[in-house]
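Asks: coords below, sequence missing:
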């Protein structure tokens with residue numbers, strides 16, 4: 001592992017960059033600012049290394065990151081309707097920093113969410129893996145959220161060519177928590193090439209339809225017979241422009257899929273992505289109920305990266321039929337996601 005100075009925040013905090021490398025040559029770069037996955041270099045089928053994530057060329061670039069490239073998102077990743085929720089009869093109001101369809105909502109933790117703050121990084125080692133443990137203390141009232149929250153996110157690079165995201169959190173008052181990784185993937189290793197020829201398979205028979213403001217309606221709809229059906233490997237661009245209301249609302253894919261049920265505490269495969277030209281394969285496993293698939297519809301270079309964010313369902317604090325996302329004192333929030341790299 002290599003640790004180097006990377007830059008200084010506007011508040012004068014020194015930020016370090018951590019570089020992890022395994023014996024297969026896979027290299028992961030992690031940044032204390034935003035607990036960011038700054039780069040992931042993996043070989044193609046011919047052994048040629050390339051960065052398969054979208055990123056910035058310097059630390060200064062990460063300070064202005066409106067697309068959330070590579071960041072650890074919190075307290076609550078994804079959207080909360082109108083920036084409002086209630087816990088035990090008390091109403092809370094958050095910033096409305098996003099307005100799809102002209103309808104304001106709270107997105108990715110607010111104006112300055114966890115992706116725009118300084119985390120404290122600590123190198124860690126275990127058998128056949130090295131990593132960095134990032135810690136952030138979020139004060140009660142930050143971005144309008146109740147409770148003092150301790151968030152701990154550890155990224156591991158294993159000898160099995162896995163990048164593991166492990167998130168945990170504890171609070172002293174009830175608060176919504178949904179910590180997610182927001183890396184944009186492009187398995188071609190060419191950041192200006194679109195991901196429309198990548199093939200995607202999702203382990204999901206249902207998705208969450210939304211309002212024009214991209215807030216779930218509360219229903220679950222079958223993917224069968226729709227452009228949302230990725231139960232078999234399907235070219236991402238094949239049906240992207242179909243005349244289908246959800247695709248119009250999102251300007252492409254920007255929806256949460258309901259993963260098939262698994263035993264409590266077990267990991268299951270959420271998604272498999274394959275780029276036939278480079279041969280690279282990305283398999284994603286998680287213990288979360290959903291995965292948000294986003295095709296980079298609003299990137300400066302449209303469709304040049306895809307996100308597969310394992311997570312709780314969007315707007316869960318306002319949806320009583322969705323899995324609970326309110327963390328209470330004495331409980332521990334936990335989220336594991338594994339990104340496994342290989343070639344065909």
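Replies: Structure received. These numbers were taken from a predicted model, which means no experiment stands behind them.

Asks: Check the gap between residue 297 and residue 90 for me.
Replies: Distance, residue 297 to residue 90, using C-beta to C-beta, to the nearest Å: 36 Å. The way it works is simple: take the backbone N, C-alpha and C, and place the C-beta from them, glycine included.

Asks: Kindly apply the preceding question to residue 244 instead.
Replies: In terms of C-beta to C-beta, residue 244 sits 39 Å off from residue 90.

Asks: got it, and residue 278?
Replies: According to C-beta to C-beta, residue 278 stands 51 Å off from residue 90.

Asks: returning to what we had before: residue 244 and residue 90: which is more packed in?
Replies: residue 244 (13 against 10; other C-beta atoms under 10 Å).

Asks: how about the nearest residue to that one, chain neighbours excluded?
Replies: The shortest distance from residue 244 to any non-neighbouring residue, by C-beta to C-beta, 6 or more residues apart in numbering, is to residue 227 (5.1 Å).

Asks: Identify the residues contacting residue 220.
Replies: By C-beta atoms under 8 Å, 6 or more residues apart in numbering, residue 220 lies in contact with 206, 207, 208, 258.

Asks: Closest to residue 22 out of these?
Replies: Closest to residue 22 out of those is residue 258 (33.4 Å), distances taken as C-beta to C-beta.

Asks: Now for that closest one, how many residues are close by?
Replies: As a burial measure, residue 258 scores 19 neighbours (other C-beta under 10 Å).

Asks: mind checking which helix or strand it is in?
Replies: Per DSSP states H and E: residue 258 is located in strand 254-259.

Asks: who does that strand touch, helix- and strand-wise?
Replies: strand 204-207, strand 290-294 (3 or more C-beta pairs under 8 Å, 6 or more residues apart in numbering; DSSP states H and E).

Asks: Just name the most buried of the ones you listed.
Replies: strand 290-294 (a mean of 24; mean count of other C-beta atoms under 10 Å).

Asks: So what touches it?
Replies: Contacts for strand 290-294 (C-beta under 8 Å, 6+ apart): 78, 180, 200, 202, 204, 208, 230, 253-259, 270-271, 284, 306-314.

Asks: With respect to residue 158, which of the contacts of residue 220 is nearest?
Replies: Of those, the one sitting nearest to residue 158 (C-beta to C-beta) turns out to be residue 258, at 28.5 Å.

Asks: quick one on the thing from earlier: need the contacts of residue 220 in CSV (columns: distance to residue 329 and pLDDT).
Replies: Output for the contacts of residue 220, formatted as CSV (distance: C-beta to C-beta, whole Å; pLDDT from 0 to 100):
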residue, distance to residue 329, pLDDT
206, 33, 98
207, 34, 98
208, 30, 98
258, 29, 98
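
Asks: all helices of the stretch 101-250 of the chain, in order?
Replies: Using DSSP state H, counting those that start in this stretch, the helices assigned to the stretch 101-250 of the chain run over residues 245-250.

Asks: ok, which stretches of it are strands?
Replies: 105-107, 120-126, 129-138, 149-158, 162-171, 175-176, 180-181, 199-202, 204-207, 221-222, 234-235 (DSSP state E, counting those that start in this stretch).

Asks: What separation do you get for the nearest residue to residue 90 once chain neighbours are set aside and residue 93?
Replies: Computed as C-beta to C-beta, 6+ apart, the closest residue to residue 90 that is not its neighbour in sequence is residue 146, at 7.7 Å. Separation of residue 146 from residue 93 (C-beta to C-beta): 11 Å.

Asks: Have a look at those two and say which one is more surrounded.
Replies: Taking neighbours as other C-beta under 10 Å, residue 146 and residue 93 compare with residue 146 leading, 19 against 11.

Asks: before we move on, back to that, these two touch, right, the residue nearest to residue 90 and residue 88?
Replies: No: between residue 146 and residue 88 there is no contact under C-beta atoms under 8 Å: 10.1 Å.
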